[in-house]
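[1] Generate a structure from the sequence data that follows.
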Amino acid sequence: MSTVVKEKDKQRSDVILQYLRPRKAMPTVWCAGCGNGIVMSAIIRAVDNLGLSKDNVVMASGIGCSSRMPIYLDFNALHTTHGRALAFATGVKFARPELKVIVVTGDGDALAIGGNHFIHACRRNIDITTVLINNNIYGMTGGQGSPTTPAHAFSTTTPFGNAEKQFDPCGLAQAAGASFVGRGTVYHTPQLEKLIMQAIEHRGFSLVEVISNCHTYFGRLNKQGDAVTMINDFKDRAVPLAKAQKMTPEELKGKYVIGLLHKEEKTEFCDVYDDTVKHLTGGKQA
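    Below is the predicted model of the structure:
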């Protein structure tokens, strides 16, 4: 039995290695215990399970710790400017609609500098999968407060506690028009892998928010412990959607509702544009 388990584990490791760039120096820039590596593994397994060719996948990112991911993965890659990953990804999808386009971003990159691009990508319902790794802080640039830093929490720019209220990325995406919205954590990796698979398969804009840990800045400044402690806290605070629907708002305070939160069928941006061109040209496109 143990031999079977070891062989299975070997196969899973081999899958990861198949998707890493062969000439890219390792290790990564991520701190030991960072959740970014867990998310990267989940994306790899989702793509592998779907049987997608690496040549037909585009990964775009902006700036930040999580945005280093396209550098390590052997997909078509765009490592762009801060907050603009969705703008670049929109151009790629519009020009090559047959490709699977995945954006990896952080809470600061997507919701502050890139907030405008985020809401309009949702509104257009363009067929892009966005994996938003939410660690409640800017990690790479020094621990500044981000749009998801909780009220009263400490960061290097809120040394006396955050006076602002935080964004709910999933609520924002749904309100802006995204047709697929889900949330997972870096503790619940099998569920996260499945959620990313569903998001990639969905036709339209899909958001997967991943609750992750930055123990180096957010955890240290807010006395939340090391990486293991923070990830175990995600386990304790996560509530599956079906259970959450039976709980009161008071009972859900401080909890993370995880799972597929919203899905609807609606027209996709590239499809609508293509139909418009066909209508105007009588089907005789240049």
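[2] Helix or strand: which one has the residue positioned nearest the centre of the chain?
    Centroid check for the chain by CA atoms, centre = their mean gives Val131 as the closest residue, at 1.5 Å. Here Val131, judged by DSSP states H and E, is contained in strand 129-134.
[3] who touches the residue nearest to the centre of the chain in this structure?
    By CB atoms under 8 Å, 6 or more residues apart in numbering, the contact set of Val131 is Val39, Ile43, Ile102, Val103, Val104, Thr105, Ile196, Ala199, Val208, Val210. To be clear about C-beta, it is placed using only N, CA and C from the backbone, and glycine gets the same treatment.
[4] Closest to Leu280 out of the residues you listed?
    Distance to Leu280, by CB to CB, is smallest for Val103 among these, at 30.3 Å.
[5] which helices and strands does the helix or strand hosting that closest one pack with?
    Using DSSP H and E, Val103 sits in strand 100-106. Using 3 or more CB pairs under 8 Å, 6 or more residues apart in numbering; DSSP states H and E as the contact test, the elements touching strand 100-106 are helix 36-50, strand 57-61, helix 85-95, strand 129-134.
[6] Highest mean neighbour count out of these?
    Burial of those is given as mean neighbour count (mean count of other CB atoms under 10 Å); strand 129-134 ranks first at a mean of 28.
[7] then that strand to CSV, C-alphas only?
    Listed next in CSV are the C-alpha coordinates belonging to strand 129-134 (Å, rounded to 0.1, in the frame of the first residue of the first chain):
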residue,chain,number,x,y,z
THR,A,129,-9.8,33.7,-15.6
THR,A,130,-8.4,35.8,-12.8
VAL,A,131,-6.8,34.2,-9.7
LEU,A,132,-6.6,36.9,-7.1
ILE,A,133,-4.3,36.0,-4.2
ASN,A,134,-5.5,38.0,-1.2
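[8] now for whichever helix or strand comes after that strand, which elements pack on it?
    Using DSSP H and E, the helix or strand that follows strand 129-134 in sequence is helix 169-176. If contacts are counted by 3+ CB pairs under 8 Å, 6+ apart, helix 169-176 sits against helix 115-124, strand 180-185, strand 206-211, strand 256-263.
[9] which other residues reach helix 169-176?
    Outside helix 169-176, the residues that touch it by CB under 8 Å, 6+ apart are 107, 110-111, 118-120, 122-123, 132, 134, 148, 181-183, 205, 207, 209, 261-262.
[10] now stretch 79-91
    With contacts defined as CB under 8 Å, 6+ apart, stretch 79-91 is touched by 58, 60-64, 67-68, 70-71, 78, 101, 103-105, 109-110, 112-115, 117-118, 121, 124, 126, 128, 130.
[11] per-residue confidence averaged over that stretch?
    Stretch 79-91 carries an average pLDDT of 96.
[12] From start to finish, how long is that stretch in a straight line?
    Length of stretch 79-91, first residue to last, CA to CA, to the nearest Å: 14 Å.
[13] what residues are up against Tyr273?
    If a contact means CB under 8 Å, 6+ apart, then Tyr273 has Phe94 as its contacts.
[14] Is it within a helix or a strand, and which one?
    Assigned by DSSP H and E, Tyr273 belongs to helix 269-281.
[15] and the end-to-end length of stretch 104-111?
    End-to-end distance (CA to CA), stretch 104-111: 13 Å.
[16] An error on my part: the question was meant for stretch 50-70.
    With CA to CA as the measure, stretch 50-70 spans 19 Å from end to end.
[17] List the buried residues for that stretch?
    Buried positions in stretch 50-70, judged by neighbour count with 16 or more other CB atoms under 10 Å: 52, 57-70.
[18] Among those residues, which one lies nearest to Ala32?
    Nearest to Ala32 among these is Cys65, at 12.9 Å by CB to CB.
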